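> Sequence and computational prediction follow.
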Amino acid sequence: MNILLTLGRLAKGLELARSLNRAGHSVFIAEPFKWHLSKPSSAIKRSYQVTAPRTNKTQYLTDLKDIVERERIDLENPVSEAALFASQ
């Protein structure tokens, strides 16, 4: 299963990615920062820099949609406050 997580800069996002990867899933990260905690992890198949949701909510949602389509994401799992934006 291809899974998209948000907020790779948080330790809880990295732990979730590691667990999902160990379970056999391909994990992708959508993160506003170019460099973040999860980026160098071997548990992450690919990391995407997206627009910060507080800066431009519409573009953030478009960025997520583009990743979902490009990577054929089966499950999007927003981490932390990103859930407030991604649920829209």
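Happy to help now that I have it. Residues are numbered from 1 along each chain as shown.
> for Lys45, what are its contacts?
26-28 (C-beta atoms under 8 Å, 6 or more residues apart in numbering). Quick note: C-beta positions are derived from backbone N, CA and C, even for glycine.
> likewise Asn2?
25-26, 28, 71-75.
> Which of the contacts of Lys45 ranks first by neighbour count?
Val27 (27 neighbours; other C-beta atoms under 10 Å).
> Test my guess that that one contacts Gly8.
No - counting by C-beta atoms under 8 Å, Val27 stays clear of Gly8, with 9.6 Å between them.
> For these two, list the residues in contact with both.
Joint contacts of Val27 and Gly8 (C-beta under 8 Å, 6+ apart) are 17, 44.
> Please, where are all the strands along the chain?
Remark: strands assigned in the chain by DSSP state E are 2-6, 26-31, 44-49, 75-77.
> What pairs with the first one, parallel or antiparallel?
Next to strand 2-6 in the sheet, as set by DSSP bridges, lie strand 26-31 (parallel), strand 75-77 (parallel).
> Provide the angle between the direction of it and the direction of strand 44-49.
Put simply, strand 2-6 runs at 40 degrees to strand 44-49, going by axes from the mean of the first three to the mean of the last three C-alpha atoms, to 10 degrees.
> Buried ones in strand 2-6, by neighbour count?
2-6 (16 or more other C-beta atoms under 10 Å).
> Can you convert these into TSV and add a column each for pLDDT?
Shown next, in TSV, are the buried residues of strand 2-6 (pLDDT from 0 to 100):
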residue	pLDDT
Asn2	98
Ile3	97
Leu4	96
Leu5	94
Thr6	88
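> Tabulate those (TSV), appending distance to Lys12.
Shown next, in TSV, are those (distance: C-beta to C-beta, whole Å):
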residue	distance to Lys12
Asn2	20
Ile3	15
Leu4	16
Leu5	10
Thr6	11
